[in-house]
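Undergrad: Below: sequence and its predicted model.
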Amino acid sequence: MTDTTTQIHLRWGIVGLGQFAAKWASDVLLNYHLDSINGKHVTHELRAVVSTSSLSKAQQFVSLLSCKDKQLTLYDSYQKFLEDEEIDIVYIAAPNAFHYTLAKQALEAGKHILVEKTFTINHKQAVRLQEISARKNLLVVHGVWTRFLPTTKKLVQLVEDGKVGIVRRVQADLSHNCPYDSSSRLFNPELGAGVLLDNLIYSITWTDMLLLSKTVTNPSISSWAIKSKEAPEIDVSTSITLLFDDLLASGTATGSFLTESPKESVLIEGDKGYIKIGRTSRPSYATFTSSTGQEEQLDLPVIEGIGYYYEANAAAIAIGNKQNDLTEYPIKDTIRVLQIFDRCRRDNKISFPESVESF
Ligand SMILES: NC(=O)C1=CN([C@@H]2O[C@H](COP(=O)(O)OP(=O)(O)OC[C@H]3O[C@@H](n4cnc5c(N)ncnc54)[C@H](OP(=O)(O)O)[C@@H]3O)[C@@H](O)[C@H]2O)C=CC1
Ligand SMILES: O=C1OC[C@@H](O)[C@H](O)[C@H]1O
């Protein structure tokens, strides 16, 4: 990594060479230049990729990248990849079940990490990674990209500034119609499947930012899950409601593989009106309706590209500041949500093999 007073240059390695990682890498490498933070210009370089299956798979991955700069090292051994001193940070985009082990190995090898959603299978694995990162003074980021978008930040600021008055209800949904497919990671318990870990991580983000972060007591938690007929261990349609006695407020997070979300899928209601947002994972437009019925289009920043580069830039700035945790999205927030997910899984008998749960 190069860190000067005006520039931070971060060298990335990627594990988990699926379609999503290609999309992420293309967006980060093509669009990062659009963001300059606190007067520092951030640049990203993809230095290496590793396929856990074959070198030809790594070659195929690199050919998918829609960016010109493809001078990088390809590996088919994660151990060898982690020994590469030219890699500053590992982006982990394997299926959920492998996040914990890959992240632990990367931290032990002295690499910073950015881990795709959902961070780990359970909260104990997250606590363990937090401990290692603190001990080794390495940055750990959970890549819920929604958190880092300027549109999300603006909306949270508006609510905190009292746009809707006192927040009374937060609801968010992220649903995609995904018919059962035995070859998909979405339905395979051995890969950490199910809608809770795939979609509710985004829906619960809104309750987490607006209510969980404000409460001083533990909310009461209720949850419901429809299980897959074909893979009965996992969930395909799930709802979690948190009641905050101290705030006189509730937060509901839903997600489904059985239907699509409505266009406006986040609703934030207060005593002065409500905000409707499209859409849960990538807010790009929002309206405010006052309690007297007046409607107003909210002015939100425009996001160039997809917007994954915001989380990559946040990682670069934090590494430049020698932080092992992000101020804007600390790992304790992830642990707090994973504790709720653990409870939802217990109450609804959503289960993964022992090997996936271990820490
Ligand atoms: N932020 C976002 O918007 C999105 C995030 N995601 C997240 O990205 C992750 C990957 O999703 P997706 O690309 O759909 O998954 P895939 O099923 O396509 O798997 C990704 C790749 O992971 C690698 N892999 C498989 N098994 C292992 C293993 N045991 N150890 C290491 N690597 C392995 C494989 O590459 P190889 O064989 O070459 O190692 C595979 O191609 C998930 O955590 C998902 O939640 C997904 C979609 C959107
Ligand atoms: O992780 C994801 O999966 C579902 C998508 O709708 C969402 O935008 C993406 O971030």
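TA: It's in. Residues are numbered from 1 along each chain as shown. Ligands and ions are numbered 1, 2, ... in the order given.
Undergrad: Now do the residue nearest to residue 2 when sequence neighbours are not counted: how many residues are near it, please.
TA: Closest residue in space to residue 2, ignoring its immediate chain neighbours: residue 9 at 4.1 Å, by Cβ to Cβ, 6 or more residues apart in numbering. Glycine gets a C-beta too; all of them are placed from N, C-alpha and C. Other residues near residue 9 number 16, with proximity taken as other Cβ atoms under 10 Å.
Undergrad: which secondary structure element contains residue 9?
TA: In the assignment (DSSP states H and E), residue 9 maps to strand 7-15.
Undergrad: what lines up beside that strand in the sheet?
TA: Using DSSP bridges, strand 7-15 pairs in its sheet with strand 2-3 (antiparallel), strand 40-50 (parallel), strand 89-92 (parallel).
Undergrad: Check the offset of the second one from the chain's centre.
TA: For strand 40-50, the distance between its averaged C-alpha position and the chain's averaged C-alpha position is 19 Å (Cα atoms, centre = their mean, to the nearest Å).
Undergrad: And for the last one?
TA: For strand 89-92, the distance between its averaged C-alpha position and the chain's averaged C-alpha position is 14 Å (Cα atoms, centre = their mean).
Undergrad: Mind pulling up the pLDDT for the residue of the chain found nearest ligand 2?
TA: Going by Cβ to the nearest ligand atom, ligand 2 is nearest to residue 281 of the chain, at 3.5 Å. Looking at residue 281, its pLDDT reads 98.
Undergrad: And residue 4, by the same measure?
TA: We have a pLDDT of 71 for residue 4.
Undergrad: Report the separation between it and residue 39.
TA: Going from residue 4 to residue 39 by Cβ to Cβ, to the nearest Å gives 12 Å.
Undergrad: what does residue 325 give?
TA: Residue 325 is 22 Å from residue 39, by Cβ to Cβ.
Undergrad: Have a look at the two and say which one is more surrounded.
TA: The residue with more neighbours, out of residue 325 and residue 39, is residue 325; 16 against 7, by other Cβ under 10 Å.
Undergrad: nearest residue to the more buried one other than its sequence neighbours?
TA: Closest to residue 325 by Cβ to Cβ, 6+ apart is residue 331, at 5.6 Å.
Undergrad: Next to ligand 2, which bits of the stretch 151-300 of the chain? Give me the list.
TA: Proximity of the stretch 151-300 of the chain to ligand 2, by Cβ under 6 Å from any ligand atom, involves residues 174, 176, 281-282.
Undergrad: quick one, phi/psi of residue 124?
TA: phi -70, psi -40 (degrees, to the nearest 10).
Undergrad: So for this protein, the centremost residue is which one?
TA: The centre of the chain sits closest to residue 144, judged by Cα atoms, centre = their mean, with a distance of 1.7 Å.
Undergrad: That one contacts residue 116, correct?
TA: No. If you go by Cβ atoms under 8 Å, residue 144 and residue 116 don't touch, sitting 9.2 Å apart.
Undergrad: quick one: which of the strands paired with strand 7-15 is nearest residue 157?
TA: strand 40-50 (22.0 Å; Cβ to Cβ).
Undergrad: okay, the angle between the very next helix or strand once past that closest one and strand 40-50?
TA: As assigned by DSSP H and E, the chain's next helix or strand after strand 40-50 is helix 55-64. Angle, helix 55-64 to strand 40-50, by axes from the mean of the first three to the mean of the last three Cα atoms, to 10 degrees: 150 degrees.
Undergrad: before we move on, the earlier item: the residue nearest to residue 325 reaches residue 140, doesn't it?
TA: Yes. Counting by Cβ under 8 Å, residue 331 touches residue 140, with 5.7 Å between them.
Undergrad: Tell me how many other residues crowd whatever residue of the chain ends up closest to ligand 1.
TA: Nearest to ligand 1, among the residues of the chain, is residue 18, at 2.4 Å (Cβ to the nearest ligand atom). Other residues near residue 18 come to 15 when the count uses other Cβ under 10 Å.
Undergrad: One more: the one 10 residues further on?
TA: The burial metric for residue 28, expressed as a neighbour count using other Cβ under 10 Å, is 25.
Undergrad: Quick one: residues contacting it.
TA: If a contact means Cβ atoms under 8 Å, 6 or more residues apart in numbering, then residue 28 has 12, 44, 308-309, 312 as its contacts.
Undergrad: Return the set of buried residues in the helix or strand hosting it.
TA: Assigned by DSSP H and E, residue 28 belongs to helix 19-31. Buried residues in helix 19-31, defined by neighbour count with 16 or more other Cβ atoms under 10 Å: 21-31.
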